[in-house]
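**Q** okay, predicted coordinates and the sequence, questions at the end:
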Amino acid sequence: MRLRDLELFDPITIQCHDNPDADSLGAGYALYYYFKQKGKKVRLIYSGRSRIQKTNLTLMVEKLEIPVEFVDASKAEMADGLLITVDCQYGAGNVTRIPAEHVAIIDHHKEEIKDVELTRIQSTLGSCSTLVWKMLTEERFVLEDVKVGTALYYGLYTDTNQFSELYNPLDMDMREGVPFNKSLITIFRNSNLSLKELEVAGIAMLRYIYNDDHQFVVIKSQPCDPNILGLISDFLLQVDEVKTCLVYNQLKDGYKLSVRSCIKEVSANELAAFLTEGIGSGGGHAEKAGGFISMKRYEEKYPTLHSEAYFGNRMTEYFNSTEIIYAKEYRADLSSMMPYRKKKNPVGFVKTDELLPAGTPITIRTLEGDVDLVVAPDLYVIIGIKGEVYPNSREKFEKSYRVLPEKYSIEECTIGVEYVPAIKNRLTDSTMTILDYAGKCVPTGDTFIYARPLEKRTKVFTAWDDEKYMLGEPGDYLAIRCDDLQDVYVVEKTVFHKSYELREEQE
């Protein structure tokens, strides 16, 4: 579903969920603005038991002039034309059901309602504001209104715990792509904590559980705004004996959690994903992350296990079940590995000094995360078959690949790419699309590696980046170049089988 599909209706009512938060208001406001520009008769509403009361939200509505109306559920009339529920799903428990001729859903949570034809749900995004921004860009709609842009920015800011749980590249693109008023964001941010919430934070920190072996803390908090969980987590990392921490609370429909790490061996986003695996979702940054666990799915999988026991056990399991490899120091047992040859599948490449001057710090944004590099005459970047990127020296590139004359095509050379890598100049904060500069090459067949399937979760600090690790899950492959035994890396299992073949099969 696209916004152009909804332009067939008039009038249009946009409904935020009950007790709306900044994300629901921001996403709803942007839709309101879009349809107003299209000449539609539009209303922005919410319902529920109470009106907006939190200081930061009342300031947001006032300063950004958001035309949101409260509708008494007992007096709600049929919505003429089209009713769009935003940041929620029509018929779900967190939004008052208002009768409507036609209904559409725009949301970033897990799908709950399946019988609405006009639906756009993208649960991998950090905010509904990002989804609405994406839908605007699909229509080539240029958003120049600073108030609307500020609403979207603040919606993402609050729903990702002050950007600490920002892990989808589209969320990052939205943050950098909308106009916003920095002074107003500061005002909203500094009006977010009440005295009651301060008390909640203080009580929570008195009830910590500490694991001495792995130096982590687990805390269960009283119900509170998600930002309070982040505040508690940030404070905990200032304790010298605490290297990682988990703070969570119980909501009506699940558990909200905040994760922090101050050591390179634990990326908070990866830990959050581990804690929520199979029963929710989690992600964020290397130092700050968060997630949500569905109560329904938790109780189905762990019907008798108390939450404190689950999180304590899961944290311990995370540390005990992980192998860490530092490539520069690694001495592999090659007798346990098999020799492979790289298949001659065409891939993309970028010579970095043809993009920007040598010495320029850049970040390549991918779905797997950001890769920080510095432009150099001998630095190449390979674009793999799933859009993943690999740094490569000129010597290794010229030995391992043959440049083709035709232009690189991501459609021809990749499979299942959800996000096209982007290159950010960290000096100017400008962004380039990697496809505009990519050439096409093919392996020469002279690239040989040793490899073995992983039996446990493995983190590899590569020779080209000893601050961030590559993560491998059981079934993925640990790979080592035959001509450089310190060039150690992880290859995801589906990529491995499409990219490599046993060497003896070709000899």
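**A** Received it, and whenever you're ready, just let me know what you need.

**Q** helices or strands next to the strand or helix carrying residue 27 in the packing?
**A** Taking DSSP states H and E as the criterion, the element that holds residue 27 is helix 22-37. Using 3 or more CB pairs under 8 Å, 6 or more residues apart in numbering; DSSP states H and E as the contact test, the elements touching helix 22-37 are helix 3-6, strand 12-16, strand 42-46, helix 55-63, strand 68-70, strand 79-86, helix 128-138, helix 146-159. (Glycine included, C-beta is placed from N, CA and C.)

**Q** neighbouring contacts of the second one?
**A** By CB atoms under 8 Å, 6 or more residues apart in numbering, the surrounding residues in contact with strand 12-16 are 6, 24-25, 28, 31-32, 35, 40-47, 68, 79-88, 95, 98, 100.

**Q** pull out the buried residues from the helix holding residue 27.
**A** Within helix 22-37, the residues scored as buried using 16 or more other CB atoms under 10 Å are 22-35.

**Q** ok, of the residues you listed, which one's closest to residue 235?
**A** Lowest distance from residue 235 to the buried residues of helix 22-37 (CB to CB) belongs to residue 22, with 23.0 Å.

**Q** surely residue 330 touches residue 484?
**A** No. Under the criterion of CB atoms under 8 Å, residue 330 lies out of contact with residue 484, with a separation of 11.7 Å.

**Q** coming back round to it: for the buried residues of helix 22-37, give me JSON lines that also has distance to residue 344 and pLDDT.
**A** As requested, the buried residues of helix 22-37 are exported to JSON lines (distance: CB to CB, whole Å; pLDDT from 0 to 100):
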{"residue": "22", "distance to residue 344": "51", "pLDDT": "93"}
{"residue": "23", "distance to residue 344": "47", "pLDDT": "94"}
{"residue": "24", "distance to residue 344": "51", "pLDDT": "94"}
{"residue": "25", "distance to residue 344": "53", "pLDDT": "97"}
{"residue": "26", "distance to residue 344": "49", "pLDDT": "97"}
{"residue": "27", "distance to residue 344": "46", "pLDDT": "97"}
{"residue": "28", "distance to residue 344": "51", "pLDDT": "98"}
{"residue": "29", "distance to residue 344": "52", "pLDDT": "98"}
{"residue": "30", "distance to residue 344": "47", "pLDDT": "98"}
{"residue": "31", "distance to residue 344": "48", "pLDDT": "98"}
{"residue": "32", "distance to residue 344": "53", "pLDDT": "98"}
{"residue": "33", "distance to residue 344": "51", "pLDDT": "98"}
{"residue": "34", "distance to residue 344": "48", "pLDDT": "97"}
{"residue": "35", "distance to residue 344": "51", "pLDDT": "97"}
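
**Q** any idea which of the residues you listed is closest to residue 476?
**A** Proximity of those to residue 476, judged by CB to CB, is greatest for residue 23, which lies at 34.4 Å.

**Q** quick one on the thing from earlier: how far is the helix holding residue 27 from where the chain is centred?
**A** Between the centre of helix 22-37 and the centre of its chain there are 22 Å (CA atoms, centre = their mean, to the nearest Å).

**Q** any idea of the angle it forms with strand 42-46?
**A** Going by axes from the mean of the first three to the mean of the last three CA atoms, to 10 degrees, helix 22-37 is angled at 170 degrees with respect to strand 42-46.

**Q** can I get helix 22-37 as PDB, trimmed to CA atoms?
**A** What follows is helix 22-37, C-alpha atoms only, in PDB (Å, rounded to 0.1, in the frame of the first residue of the first chain):
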ATOM      1  CA  ALA A  22       5.300  11.300  20.400                       C
ATOM      2  CA  ASP A  23       5.700   8.800  17.600                       C
ATOM      3  CA  SER A  24       2.000   8.400  17.000                       C
ATOM      4  CA  LEU A  25       1.500  12.200  17.100                       C
ATOM      5  CA  GLY A  26       4.500  12.800  14.700                       C
ATOM      6  CA  ALA A  27       3.500  10.200  12.200                       C
ATOM      7  CA  GLY A  28      -0.200  11.300  12.300                       C
ATOM      8  CA  TYR A  29       0.800  15.000  11.900                       C
ATOM      9  CA  ALA A  30       2.900  14.200   8.800                       C
ATOM     10  CA  LEU A  31       0.000  12.300   7.200                       C
ATOM     11  CA  TYR A  32      -2.300  15.100   8.000                       C
ATOM     12  CA  TYR A  33       0.100  17.600   6.400                       C
ATOM     13  CA  TYR A  34       0.500  15.400   3.300                       C
ATOM     14  CA  PHE A  35      -3.200  15.000   2.700                       C
ATOM     15  CA  LYS A  36      -3.900  18.700   3.400                       C
ATOM     16  CA  GLN A  37      -1.300  19.500   0.600                       C
END
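
**Q** could you give the angle of that helix to helix 146-159?
**A** Using the same axes, to 10 degrees, helix 22-37 lies at 150 degrees relative to helix 146-159.

**Q** next, the angle from helix 22-37 to helix 55-63.
**A** Relative orientation of helix 22-37 versus helix 55-63 (the same axes, to 10 degrees): 10 degrees.

**Q** show me where pLDDT drops low in the stretch 201-350 of the chain?
**A** 226-227, 284-285 (pLDDT under 70).

**Q** still on that earlier bit, from the contacts of strand 12-16, list the buried ones, please.
**A** Those of the contacts of strand 12-16 that meet the buried threshold are 6, 24-25, 28, 31-32, 35, 40, 42-47, 68, 79-88, 95, 98, 100, by 16+ other CB under 10 Å.

**Q** part of a strand, is residue 311?
**A** No. Under the criterion used here (DSSP: H, G, I helix; E, B strand; the rest coil), residue 311 is helix, not part of a strand.

**Q** so what sits opposite the spatially closest residue to it that is not a sequence neighbour in the bridge?
**A** Taking CB to CB, 6 or more residues apart in numbering, and ignoring the residues beside it in sequence, residue 311 has residue 218 as its nearest neighbour in space, at 5.2 Å. According to DSSP bridges, the partner residues bridging residue 218 are residue 209, residue 246.

**Q** residue 14 now?
**A** Residue 14 forms beta bridges with residue 44, residue 84, as assigned by DSSP bridges.

**Q** pretty sure the residue nearest to residue 311 sits against residue 245.
**A** Yes. With contact taken as CB under 8 Å, residue 218 and residue 245 are classed as touching, separated by 7.4 Å.
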